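# Provided below for reference: sequence and predicted model.
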Amino acid sequence: MSNLLTWKEVPKGAFLEKPGNAADYETGDWRSIKPVWIAENCIQCFRCWVYCPDAAIMTKDKKMIGIDYKHCKGCGICANECPAKPKALEMINESDSGDN
Amino acid sequence: MQEKIALTGNEAMALAMKQINPDVVAAYPITPATEIVQIFSDYVSNGLVKTEFVTVESEHSAMSATLGASASGVRAMTATSSQGLAFMWEVLYIAASYQLPIVMPVVNRALSGPINIHGDHSDTMGARDSGWLQIYSENTQEAYDNLIQAVRIAEHPDVLLPTMVMMDGFIISHAMENLEILSDQDVQKFVGEFKHHRPALLDLDNPITVGPLALYDYYMEFKRQQAEAMRTCKPVILQVAQEYAELTGRKYGLYEGYKLDDADLAIVVLSSTAGTAKVVVDELREQGVKAGLLKLRVFRPFPYEELAQALSGRKAIAVLDRADGFSAFGGALFNEIRSAMYDVKDRPLIVDYIFGLGGRDVNLDHIRKVYADLAEIAKTGQAAQLVSYLGVRE
């Protein structure tokens, strides 16, 4: 939490001079389960990218490259929609993920 | 240059608004505050002010439009009373959280129900935690003076909080009194040019966000900052009062002590009832009774240190609340005064009287009874009843 502004630093009356800052607002810590991407199973169909209700599927050069865990809320839609067999996205418990 | 004229409280508030000449007024009429905006709309129609007058469909909209105007960087005002204030409720909090210097006369009137149009303080006492400064006026002169000072207080860069200025419904709003008024030029000079202490709302090259989402990671910082503005604004209120005294000769403080310094028995009260109580204080003083009065002017911020100092050394104190708190422990003023007195050595006994609800008359005999009760409390060192109702049929 150390990068957050103190009460003396926040803009007066919450008039924000940097609008459109939702990308800076990290919502990933709401998650209780997380999707894990298994690259070798991925068929690059982009269904996860289409269905993700946030914007948490990261892409580069028209390829799916992983999950943005700073914004993924762990809804599980991506893993549910993944048509690959075996699936390229699996949901695991945060407590089993070894992170945090 | 001051002129002495006779006006009702509403006429005086409307005149002060004309002399302040705000950029935007958005208002919806409600008894007994209707005349303020009705008279002001005449000023607009007659070209006597530069104000953009927005006729809205409700008080919720009135406060919303006033808030929007203020956020855009102009001087914005409205006026209301009772149910109108209640209907503004959620927007009151938002105006305070944006720290917008909106100034609003409020004519105190009882909240429904039963439906009642007369004066008590249940409307603004309910809004006491909304984050607005609250300044109460005893009479027409004070209502006029407080409204002009409120502009300077609210807009001071160390404050930037919305401010409501009260007077009692009908008793003051509709009664004609003599008062001294300033010239339009003197008021304009006193309030000065409006300065917007925020980035511009409608600058396409530098867009901003107003009214963002702030959850558990930021909400508390914004609230702490808002609390700080309220906590530190007392010196500004006193500085503005000082400058106003230099201009008019009329002195204002956070409270007014009337024969209080050596008093044994003291009443604490807001607004017009202080005038009635002063008559009884004079009467008792002539009889050799050391009676005194504290009329609180600034209820928000609550000047607890100054009040504790002013009230220490009294033998018995009665707080008169013109609104019941429905907490089974008296009114808000009583609770806060009592809390302020907790750290005073040899603190006096303090009792509460709920009075004047829905415009129930409070006369000299009621006040005489309170002082007689206080004399008994001071003598016996015991209060028969902590909270009682004055002037109710038992």
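In hand now; what should we look at?
# How about the contacts made by A:Thr6?
B:Glu221 (CB atoms under 8 Å, 6 or more residues apart in numbering or on different chains). To be clear about C-beta, it is placed using only N, CA and C from the backbone, and glycine gets the same treatment.
# Phi and psi next, for it.
Main-chain dihedrals, A:Thr6, degrees, to the nearest 10: phi -80, psi 170.
# any idea how far it lies from B:Gln225?
The gap separating A:Thr6 from B:Gln225 is 9 Å, by CB to CB, to the nearest Å.
# And for B:Ile237?
From B:Ile237 to B:Gln225 the distance is 19 Å (CB to CB).
# Measure how buried B:Arg347 is and give me the count.
17 (other CB atoms under 10 Å in any protein chain shown).
# Mind pulling up the pLDDT for the spatially closest residue to B:Gly169 that is not a sequence neighbour?
Nearest residue to B:Gly169, sequence neighbours excluded (CB to CB, 6 or more residues apart in numbering or on different chains): B:Gly119, at 3.6 Å. On pLDDT, B:Gly119 comes in at 97.
# So which of B:Ile237 and B:Gln225 has more stuff around it?
Using other CB under 10 Å as the criterion, B:Ile237 and B:Gln225 rank with B:Ile237 on top: 25 against 20.
# and the more buried one, what is it in contact with?
B:133, B:149, B:153, B:254, B:298.
# Tally up the residues packed near B:Pro207, please.
15.
# Give me the phi and psi angles of it.
Dihedral angles (degrees, to the nearest 10) for B:Pro207: phi -70, psi 150.
# Then B:Tyr144?
phi -60, psi -50.
# wait, isn't it in contact with B:Ile181?
Yes - the pair B:Tyr144 / B:Ile181 is scored as a contact, 6.6 Å apart, by CB atoms under 8 Å.
# any common contacting residues for these two?
Contacts common to B:Tyr144 and B:Ile181, judged by CB under 8 Å, 6+ apart, are B:7, B:12, B:15.
# By neighbours, which of those residues wins?
Most surrounded of those: other CB under 10 Å gives B:Ala12, at 30 neighbours.
# Which secondary structure state does the nearest residue to B:Arg250 once chain neighbours are set aside sit in?
Take B:Arg250 and drop its neighbours on the chain: the residue closest to it by CB to CB, 6+ apart is B:Asp145, 5.9 Å away. Three-state call for B:Asp145 (DSSP: H, G, I helix; E, B strand; the rest coil): helix.
# Return the helix or strand in chain A with minimum mean pLDDT.
Lowest on mean pLDDT, DSSP states H and E among the helices and strands of chain A sits strand A:15-16, with a mean of 94.
# can that one be found next to chain B?
Yes - residues of strand A:15-16 contacting chain B under CB under 8 Å from any CB of the partner chain: A:15-16.
# what's in contact with that strand?
B:71, B:98, B:198-199, B:208-210, B:212.
# how about a cut-off of 6 Å?
Strand A:15-16 is contacted from outside by B:198, B:208-210, B:212, using CB atoms under 6 Å, 6 or more residues apart in numbering or on different chains.
# The chain: helices as residue ranges?
You didn't say which chain, so I picked chain A. Taking DSSP state H as the test, the helices found in chain A are A:47-51, A:77-81.
# Wait, chain B was what I had in mind.
B:9-20, B:34-45, B:59-72, B:82-87, B:89-97, B:122-126, B:140-155, B:184-191, B:219-231, B:234-248, B:273-286, B:304-311, B:332-340, B:364-380.
# Give me the pLDDT value at the residue nearest to B:Arg250.
Taking B:Asp145 on its own, its pLDDT is 98.
# Give the rounded mean pLDDT of stretch B:346-355.
On average, stretch B:346-355 scores 97.
# tell me which residues in it are buried?
B:347-355 (16 or more other CB atoms under 10 Å in any protein chain shown).
# Among those residues, name the ones in strands.
Among those, DSSP state E puts B:349-355 in strands.
# and those as CSV, adding distance to chain A?
Below are these laid out as CSV (distance: CB to the nearest CB, whole Å):
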residue, distance to chain A
B:Leu349, 39
B:Ile350, 34
B:Val351, 39
B:Asp352, 35
B:Tyr353, 39
B:Ile354, 36
B:Phe355, 38
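# Not counting sequence-adjacent ones, nearest residue to A:Lys69?
Small correction: residue A:69 is Tyr, not Lys. Nearest non-adjacent residue to A:Tyr69 (CB to CB, 6+ apart): A:Gly28, at 5.0 Å.
# wait, the one you found sits on A:Lys70?
Yes - checked against CB atoms under 6 Å, the pair A:Gly28 and A:Lys70 is within contact range at 4.7 Å.
# any idea which of the contacts of strand A:15-16 is closest to B:Phe87?
B:Val210 (22.7 Å; CB to CB).
# which ones are touching that closest one?
Contacts of B:Val210 (CB under 6 Å, 6+ apart): A:15, B:71.
# which residues touch B:Leu390?
Taking CB under 6 Å, 6+ apart, one finds B:353, B:355, B:366 in contact with B:Leu390.
# show me the contacts for the closest residue to it other than its chain neighbours.
Closest residue to B:Leu390 apart from its sequence neighbours, by CB to CB, 6+ apart: B:Phe355 at 3.9 Å. Counting by CB under 6 Å, 6+ apart, B:Phe355 makes contact with B:320, B:362, B:390-391.
# Compare those and tell me which is most surrounded.
Those, ranked by neighbours (other CB under 10 Å): first place B:Leu320, 26 neighbours.
# For that one, list the residues it contacts.
B:269, B:353, B:355.
# if you skip the residues just before and after it, what's nearest to it?
Using CB to CB, 6+ apart, the nearest residue to B:Leu320 is B:Val269, at 4.1 Å.
# what's around the one you found, how many residues?
28.
# in the sheet, who's paired with it?
B:Lys295 (DSSP bridges).
# what about the most centrally placed residue in chain A, distance to chain B?
By CA atoms, centre = their mean, chain A has its centre lying nearest to A:Cys72, at 2.4 Å. Relative to chain B, A:Cys72 is positioned 17 Å away (CB to the nearest CB, to the nearest Å).
# right, and that residue touches A:Ala56 too?
Yes - under the criterion of CB under 6 Å, A:Cys72 makes contact with A:Ala56 at 3.8 Å.
# per-residue confidence at B:Ile208?
93.
# was I right about it contacting B:Leu202?
No - if you go by CB under 6 Å, B:Ile208 and B:Leu202 don't touch, sitting 9.4 Å apart.
# Looking at the two, which is more packed in?
Per other CB under 10 Å, whichever of B:Ile208 and B:Leu202 has more neighbours is B:Ile208, with 18 against 8.
# Could you pull up the residues touching the more buried one?
Per CB under 6 Å, 6+ apart, neighbours of B:Ile208: A:15-17, A:19, B:199.
# Output those in CSV; the columns should cover distance to A:Asn93 and neighbour count.
Formatted as CSV, the contacts of B:Ile208 follow (distance: CB to CB, whole Å; neighbours: other CB atoms under 10 Å in any protein chain shown):
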residue, distance to A:Asn93, neighbour count
A:Phe15, 41, 20
A:Leu16, 36, 18
A:Glu17, 40, 12
A:Pro19, 36, 12
B:Pro199, 44, 15
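# can you tell me which residues contact B:Thr31?
So B:Thr31 contacts B:Ile117 (CB under 6 Å, 6+ apart).
# likewise B:Leu293?
Applying CB under 6 Å, 6+ apart, the residues near B:Leu293 are B:258, B:267, B:277, B:281.
# at 7 Å what do you get?
B:258-260, B:266-267, B:274, B:277-278, B:281 (CB atoms under 7 Å, 6 or more residues apart in numbering or on different chains).
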